[in-house]
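Engineer: here is my input; please provide its structure:
(one chain, ligands or ions: 2)
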Amino acid sequence: MKFTIHGVRGSVPTPGIEFVKYGGNTSCFEIETCESQIFCDAGTGFRSAKLLNDRKNVWVFLTHFHHDHIQGFPFNHGLFSEGQQISVSSALHDKKTTSAILKQCFSEHFFPVNIFASLNHLSVESFDVATDGLKQDVDVSFIELDHPGGAVGYSFVKENKKVVILLDNEFQKPQLGGLLEFCKDGDLLIWDGMFTKDELLNKRGWGHSSIEQAEEFTELSGVKKTVICHHAPYRSDADIDLLKSRISSDRVSFGCEKMSFYI
Ligand SMILES: [Zn+2]
Ligand SMILES: [Zn+2]
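Structural biologist: Numbers count the residues shown, from 1 in each chain. Ligands and ions are numbered 1, 2, ... in the order given. A predicted model of the protein is given here:
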């Protein structure tokens with residue numbers, strides 16, 4: 001599996017020279033195999049992702065529907081190429097609700113063109129149908145997370161290799177057992193590191209975890225590599241570099257836009 005990060009920023013895009021190193025686009029991750037192209041979230045990072053038209057299908061799994069996770073969707077030019085079948089799914093809701101939410105998000109009050117009502121090659125599928133369609137290639141599972149309005153994390157497994165994405169989530173102790181099981185034998189974990197431990201004291205209920213918790217969880221879980229994403233919009237490159245210098249585990253790093261791994 002080739003894993004590419006197209007967007008690392010949390011909440012809102014952050015253009016500016018102080019955000020160039022880590023990147024200013026919001027959440028979007030890509031998994032590419034010989035047979036499939038899979039995206040997790042379609043924040044503004046999705047705009048520059050190249051949709052591969054030699055694949056059978058393009059799958060987009062949404063963790064939830066907050067702006068920073070769907071806003072880039074209609075800005076990818078490949079979306080408008082006929083013949084390119086694109087299926088969108090979320091384990092957070094059934095097909096009917098997912099479809100209704102997306103149609104509302106891209107209705108004329110919020111966006112000029114309702115892509116979910118007008119593009120025939122763009123479909124919304126139930127999570128069961130989506131995972132069924134992919135199961136010969138990649139096994140996709142989900143876990144419910146703690147986030148206002150709800151969110152789900154996903155795991156993607158192909159031949160003993162496992163990627164887990166846990167965005168957006170406010171880590172709570174009762175989650176520990178379930179998350180450890182979900183991340184068992186993980187090769188790569190994407191962690192919501194929006195806040196520091198100190199910032200989190202005043203941000204209870206905002207639905208995000210901390211950088212320090214990424215280190216603690218990695219230690220407990222045995223995941224081979226954890227990449228912290230969903231960087232706070234006010235966190236400059238220099239700030240992240242400083243936080244990085246304080247991390248002692250060589251298994252924990254900070255995500256940069258366009259970073260790729262072969263897993
Ligand atoms: Zn978010
Ligand atoms: Zn969110």
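
Engineer: can I assume Q175 sits in a helix?
Structural biologist: Yes - counting by DSSP: H, G, I helix; E, B strand; the rest coil, Q175 is part of a helix.

Engineer: tell me if I'm right that it and H147 touch.
Structural biologist: No - look at Q175 against H147 with Cβ atoms under 8 Å: they stay out of range, at 11.4 Å. For the C-beta atoms, the positions are set from N, CA and C on the backbone; glycine is no exception.

Engineer: what residues are shared contacts of those two?
Structural biologist: Here Q175 and H147 have N169 as joint contacts, going by Cβ atoms under 8 Å, 6 or more residues apart in numbering.

Engineer: secondary structure class of A117, three-state.
Structural biologist: Per three-state DSSP, A117 ends up helix.

Engineer: so it versus ligand 1, what's the distance?
Structural biologist: Counting by Cβ to the ion, to the nearest Å, the separation of A117 from ligand 1 is 25 Å.

Engineer: number of nearby residues for the closest residue to that residue other than its chain neighbours?
Structural biologist: By the measure of Cβ to Cβ, 6 or more residues apart in numbering, the closest residue to A117 outside its immediate chain neighbours is K103, 5.8 Å from it. Residue crowding around K103 was assessed by other Cβ atoms under 10 Å; the count is 14.

Engineer: please, which helix or strand holds K103?
Structural biologist: With elements taken from DSSP states H and E, the one containing K103 is helix 95-105.

Engineer: elements contacting that helix?
Structural biologist: Contacts of helix 95-105 with other secondary structure elements, assessed using 3 or more Cβ pairs under 8 Å, 6 or more residues apart in numbering; DSSP states H and E, are made with strand 86-89, helix 115-118, strand 122-124.

Engineer: extract the CA atoms of it and return them as CSV.
Structural biologist: These are the backbone C-alpha positions of helix 95-105, laid out as CSV (Å, rounded to 0.1, in the frame of the first residue of the first chain):
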residue,chain,number,x,y,z
LYS,A,95,-26.7,5.6,3.1
LYS,A,96,-29.8,7.7,3.3
THR,A,97,-28.6,10.0,6.0
THR,A,98,-25.1,10.3,4.5
SER,A,99,-26.6,11.2,1.2
ALA,A,100,-29.0,13.8,2.7
ILE,A,101,-26.1,15.4,4.7
LEU,A,102,-23.9,15.7,1.6
LYS,A,103,-26.7,17.1,-0.5
GLN,A,104,-27.4,19.6,2.2
CYS,A,105,-23.7,20.6,2.6
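
Engineer: that'll do, ta.
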